[in-house]
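Visitor: Give me coordinates for this.
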Amino acid sequence: MGVEVADNRVFLVVVNNEEQYSVWFADRELPLGWRAEGTTGTREECLDHIARVWTDLRPRSVREHLADHRG
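Guide: Down below sits the predicted model:
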C-alpha cells in the first residue's frame, strides 16, 4: 500500500501546440512547448477540468489532416 500525502500545492492546466492537455505545478517554470490554459486549482480540480474540455484526444495535426482528406 502507498503512503497518502496531503497535497496543498496549486496546479495549472497546460496545453501544447497539438492541443494536448496536462497539469503542471503553478510555482514552476512551464516546460518548453507548453502554455498555461488559464485554469488553476488542486491537481484533482485541474484533471476534472481537462476531462470536461479535452474530448477529442487526437493531436490537432491528426484532426486537421483527417478533416482535409475527407471527401
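Visitor: quick check: longest helix of this protein.
Guide: helix 43-53 (DSSP state H).
Visitor: Just the buried residues of that helix, please?
Guide: Residues of helix 43-53 classed as buried: 46-47, 49-50 (neighbour count, 16 or more other C-beta atoms under 10 Å). (Each C-beta comes from the backbone N, C-alpha and C, glycine too.)
Visitor: Tell me which other helices or strands that helix touches.
Guide: strand 11-16, strand 21-25, strand 34-41 (3 or more C-beta pairs under 8 Å, 6 or more residues apart in numbering; DSSP states H and E).
Visitor: mind running it again at 6 Å?
Guide: The elements that helix 43-53 packs onto, with contact taken as 3 or more C-beta pairs under 6 Å, 6 or more residues apart in numbering; DSSP states H and E, are strand 11-16, strand 21-25.
Visitor: The helix or strand that it is followed by versus strand 11-16: what angle between them?
Guide: Next helix or strand after helix 43-53 toward the C-terminus (DSSP states H and E): helix 60-68. Using axes from the mean of the first three to the mean of the last three C-alpha atoms, to 10 degrees, the inter-axis angle of helix 60-68 relative to strand 11-16 is 50 degrees.
Visitor: Residue 40 touches residue 9, doesn't it?
Guide: No - with contact defined as C-beta atoms under 6 Å, residue 40 does not reach residue 9; the gap is 10.8 Å.
Visitor: With neighbour numbers in mind, choose between the two.
Guide: The neighbour count for residue 40 versus residue 9, taken as other C-beta atoms under 10 Å, is higher for residue 40 (15 against 11).
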